[in-house]
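structure of the sequence below:
(2 chains)
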Amino acid sequence: MESFDALLLARIQFAFTISAHIIFPAFSIGLASYLAVLNGLWLVSGRGVFLNLFDYWKKIFAVAFGMGVVSGVVMTYQFGTNWSVFSDRTGPVLGPLMAYEVLAAFFLEAGFLGIMLFGRERVGPKLHFFATLMVALGTLLSAFWILAANSWMHTPAGYAVNDAGQFIVTDWWAVIFNPSFPYRLVHMVLASYLTTAFVVGAVGAYHLLKGRTIQRDDSGIRAMFSMAMWMAALVAPLQILAGDLHGLNTLKHQPAKIAAMEGHFETTAGAPLILFGIPNAVEERTDYAISIPNLGSLILTHDPNGVVRGLKEWPKHERPPVGIVFWSFRIMMGIGFAMLGIGAWSLWLRYQRRLYDAPWMHRAAILMGPSGFAALLAGWFTTEIGRQPYTVYGLMTTAESVSAIDAAAVGASLVAFIVVYFAIFGAGTFYILRLMLKPPESAEPGLPADEPIQAAGLMPGPVLRGAKRGTAT
Amino acid sequence: MMLDLPLIWAGLIALSVLVYVILDGFDLGIGILFPFVKTETGRDQMMNSVAPVWDGNQTWLVLGGGGLFAVFPLAYAVIMPALYVPIIVMLLALIFRGVAFEYRWKTRRGKFVWDASFAGGSMLATFAQGIALGALVQGIPVANRAYAGGWWDWLTAFSVLTGVALVVGYALLGATWLIYKTEGELQRAAYRFAWIAGSGILAMIGIVSLWTPFLNENYMARWFGWPQMLYVLPVPLLVALCAFALYRGLSTKRQLTPFLASLGLFILSFVGLLISFFPYIVPSSVTIWSAAAPDDSLSFALVGAAVLLPIIVLYTVHAYWVFRGKVGTTGGYR
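Modelled structure (predicted):
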């Protein structure tokens, strides 16, 4: 029982630290691409509004990126402290993928971020745009390597096992482009884009709503709201499609996860789609189910009478916890369709030419501002809890992976992480929100000259500013 | 002995750790000295002297940790649980230190909070690193490819001594860095700090060096066996030389010499450690070769490191070159 407690605490600790971390990179991935788009639009159109928006959002990007960096350092060590057996056995496969992630991130941090944040005057708009593109590419490269590592744990390929019980690589290509990787990468990148779009949309909507009675230049506010709503209208349906394809991929490789997501205990032909219900793992049935006949089979097998496997196909100790997977999946889906709805509504308002004058739409957009983060976390909870009881699917269980550490040590460090994260990231979120509550100005100031920016890395503004200032004094 | 992949990687990771220690060492040292400087402008200057570089400096720690996982997974899997508490404490302390750079300028009311978070985080992170180092030097028992000790084993008189020694050492790096980067009132204070920390660290190096060989017979044979002693003799001699250079530099009020002499002391102490450790990566349980992942993994990761590390190093050198000279009271460099 002792070891079970340490195991559970280690799982909670990993879930907590990775959840707190993923919020920031997801936002940075989306925001970096958005900044690149704004920068590009400014270069092409020459309209100052895009430059203002760029300067507005880059300040928020700097804080979010900084929090991603500090919470990311913890992740590098989390594998070793709490999951040492896992680290030893999967190190030869996953270690190099992580190393590439670190090198890519390091390169990005040291290289282009400072120029993007500070260097437009110094290096000229073209090179500055290039730096912005490189930062966006860097965040995507980071996502590429981390998701390759994560996907390998879901759908291991290209490996063998040596005498020491370690997974070793027989084919790097197969390891990296393992069966679930392309789906997960697309799904995650689109999720980051949607998350960022809804944050941008909410900030735009807030200022539209607040500024309705004040006469002033709100072209920046309109532009950000409009761009965010285009993203919602175009990417939300794409994301639902990508999610469906990812789901079919999961059905092929991890059918038990799908059974838990759907709340199916029995293997049936012509399975219903359970909209709501209460999965009862003890009695092995889903109570109070509200369902649509045959739709489950239609979605999963593209045949209304197709056979869908239920959880009873697996012995109890090989099933994922059904309740949390079932519910987190529905939260993600619900938010996804709400996003689709907002996108469709925006198209209708646009058609009626009322996009900037629709208070209820703006209120809804504000409400949906944080929804991307919720959907993102719910999605990750679905896929990560859904692959239990394994860390490397079908090959290594979570219980085998954990370090032999006292529950007290894991528990104490978990409490410390929770307290520190809430204090530190709470303060950071507060500072971000304060930046967002200010509307973008028509001449948006750059980063304040007397502040260091931690995200600026090795080639930051002070160098560039300093060099300029040096010529002046 | 052949120069094989595990050895190349051991060298690369040792280099990452050394670069981390000397670069983040002076950042953390600034934080350690922070409470001893009371004026607002002095504190602003101290923070600005490292603000542009600390993030890059800290990334070497991620590279060291990530590299260890990538190429010596067994060592990573053994060392992390063994040093569980100091590692977690270090990570949390580094968060407090890191966000202070960003948050301190975002508030007026709460500035004292982030001052405390910067100083406390730096001090605690350093102490935890020193303890982790001491615990590693003591040796880590291993059975069945896993750590085989208790979770308080890291806490001994020796590891507490190395913890204190590292705090004093980083304070010396920080003080001599301030001598190099500032002038006027703050620089005068930095000379005072450097005298105290310099005398302290030499005493600490002496005690730790005399204590270490008694921890383990491999260490004893390496340092006091004949004729091996002849090969390692240059290390203590060079330490004496650096100590003298530090003394001269501080006496004659040189700007850069004290910092370089302090770097020399750190590099030599590190080389001394490597001499003691070799061929073990986890003393005295796991060798470099038994911890290494298969050559396939090592060569795959080496491709990336071989391309990107030189660029990163060049970049770092360039950034420090651009940043040369004194720091002003505001973030801009003159």
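
for A:Pro279, helix, strand, or coil?
In terms of secondary structure, A:Pro279 is strand; the call rests on DSSP: H, G, I helix; E, B strand; the rest coil.

could you give the backbone dihedrals for the closest residue to it other than its chain neighbours?
Closest residue to A:Pro279 apart from its sequence neighbours, by C-beta to C-beta, 6 or more residues apart in numbering or on different chains: A:Val322 at 4.4 Å. Using the backbone N, CA and C atoms, a C-beta is placed for each residue, glycine as well. Main-chain dihedrals, A:Val322, degrees, to the nearest 10: phi -80, psi -40.

now for A:Val322: which residues touch it?
A:260, A:263, A:279, A:281, A:311 (C-beta atoms under 8 Å, 6 or more residues apart in numbering or on different chains).

just give me the closest of the residues you listed to A:Val189.
Checking these against A:Val189 with C-beta to C-beta, the nearest one is A:Ala260 at 25.3 Å.

list the contacts for that closest one?
A:279, A:311, A:319-322, A:325-326, A:386.

circling back: per-residue confidence for the residue nearest to A:Pro279?
If you check A:Val322, the pLDDT there is 87.

A:Gly124: how many residues sit nearby?
11 (other C-beta atoms under 10 Å in any protein chain shown).

got phi/psi on it?
phi 90, psi 150.

over to B:Lys106?
According to degrees, to the nearest 10, B:Lys106 has phi -100, psi 0.

so which residues of the chain form strands?
You didn't pick a chain, so chain A it is. A:159-161, A:167-169, A:268-269, A:273-280, A:285-292, A:307-308, A:390-392, A:396-397 (DSSP state E).

actually it's chain B I care about, not the one you picked
Under the criterion DSSP E, chain B contains strands at B:142-143, B:146-147, B:280-282, B:286-287.

so which of those strands is the most surrounded?
strand B:280-282 (a mean of 23; mean count of other C-beta atoms under 10 Å in any protein chain shown).

quick one: list the elements packing against it.
helix B:73-82, strand B:286-287, helix B:288-291 (3 or more C-beta pairs under 8 Å, 6 or more residues apart in numbering or on different chains; DSSP states H and E).

surely A:Ile405 and A:Asp5 touch.
No: taking C-beta atoms under 8 Å as the definition, A:Ile405 is not a contact partner of A:Asp5, at 10.9 Å.

re the thing from before, for the helices and strands packed on strand B:280-282, which one ends up most surrounded?
Among the helices and strands packed on strand B:280-282, ranked by average contacts under mean count of other C-beta under 10 Å, first place goes to helix B:73-82 (a mean of 29).

so for the residue in chain A positioned nearest to chain B, what's the pLDDT?
Closest to chain B within chain A is A:Gly91: 2.2 Å, counting by C-beta to the nearest C-beta. For A:Gly91, the pLDDT comes out at 86.

with adjacent residues omitted, what lies nearest to it?
B:Pro73 (2.2 Å).

any regions of chain B where pLDDT drops low?
In the predicted model of chain B, residues B:1-2, B:319, B:322-323, B:328-334 satisfy pLDDT under 70.

need the outlier residue of it, farthest from its centre.
B:Arg109 (33.5 Å; C-alpha atoms, centre = their mean).

can you list phi and psi of it for me?
phi -60, psi -40.

contacts only, for it.
So B:Arg109 contacts nothing (C-beta under 8 Å, 6+ apart).

again with the one 5 residues further on
Under the criterion of C-beta under 8 Å, 6+ apart, the contact list for B:Trp114 reads B:99-100, B:103-104, B:107.

apply 6 Å and report the result again.
By C-beta atoms under 6 Å, 6 or more residues apart in numbering or on different chains, the residues touching B:Trp114 are B:100, B:103-104.

for the residues you listed, which one is nearest A:Pro237?
B:Tyr103 (39.6 Å).

would you mind measuring from the closest residue to that closest one other than its chain neighbours to B:Leu92?
Counting by C-beta to C-beta, 6+ apart, B:Trp114 is the residue found nearest to B:Tyr103 once chain neighbours are left out, at 4.9 Å. Remark: distance between B:Trp114 and B:Leu92 (C-beta to C-beta, to the nearest Å) = 16 Å.

before we move on, what about A:Leu41?
Counting by C-beta to C-beta, the gap from A:Leu41 to B:Leu92 is 42 Å.

pick out whichever of those two has more residues nearby.
B:Leu92 (22 against 18).

apart from its chain neighbours, what residue comes closest to the more buried one?
A:Val420 (5.2 Å).

picking up where we left off before, any chance of the contacts of B:Trp114 in TSV, with neighbour count too?
Rendered in TSV, the data for the contacts of B:Trp114 read as follows (neighbours: other C-beta atoms under 10 Å in any protein chain shown):
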residue	neighbour count
B:Ala100	26
B:Tyr103	23
B:Arg104	22
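
looking at those residues, spot the one nearest A:Ala233.
For the contacts of B:Trp114, the nearest to A:Ala233 is B:Tyr103 (36.9 Å; C-beta to C-beta).

nearest to B:Ala197, of the helices and strands packed on strand B:280-282?
That would be helix B:73-82 among these, by C-beta to C-beta, at 28.5 Å.

in the stretch 51-200 of chain B, which residue sits nearest chain A?
B:Pro73 (2.2 Å).

contacting residues around that residue?
A:87-88, A:91, A:95, B:293.

highest neighbour count among those?
Result: A:Gly91 is most packed of the contacts of B:Pro73 (other C-beta under 10 Å), 30 neighbours.

tell me which residues touch that one, please.
Per C-beta under 6 Å, 6+ apart, neighbours of A:Gly91: B:69, B:73, B:293.

for the last one, which non-adjacent residue is spatially closest?
The reference is to B:Ala293. In space, B:Ala293 is closest to A:Pro92, 3.8 Å off (C-beta to C-beta, 6+ apart).

what comes up buried for stretch A:252-259?
A:253-259 (16 or more other C-beta atoms under 10 Å in any protein chain shown).

mind telling me the two of the residues you listed farthest from one another?
Farthest pair in those, by C-beta to C-beta: A:His253 and A:Ala259, 13.2 Å.

mind listing what the most centrally placed residue in chain A touches?
For chain A, A:Ala26 is the residue whose C-alpha lies nearest the centre (C-alpha atoms, centre = their mean; 3.8 Å). Taking C-beta under 6 Å, 6+ apart, we find A:Ala26 in contact with A:192, A:195, A:376.

tell me the pLDDT at the first one?
We note a pLDDT of 94 for A:Ser192 in this prediction.

ok, it touching A:Gly30?
Yes: between A:Ser192 and A:Gly30 there is a contact under C-beta atoms under 6 Å: 4.3 Å.

what does the stretch 301-450 of chain A put close to chain B?
A:403, A:405-406, A:409, A:413, A:416, A:420, A:424, A:427, A:431, A:450 (C-beta under 6 Å from any C-beta of the partner chain).

make a ChimeraX selection of the buried ones in those residues.
This is the ChimeraX syntax for the buried subset of those, where burial follows 16+ other C-beta under 10 Å:
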select /A:403,405,406,409,413,420,424,427,431
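
and the closest residue to B:Ile30 other than its chain neighbours, how close does it get to B:Ala100?
Excluding the flanking residues, the one nearest B:Ile30 by C-beta to C-beta, 6+ apart is B:Gly174, at 4.4 Å. Here the criterion is C-beta to C-beta. By it, B:Gly174 lies 15 Å from B:Ala100.
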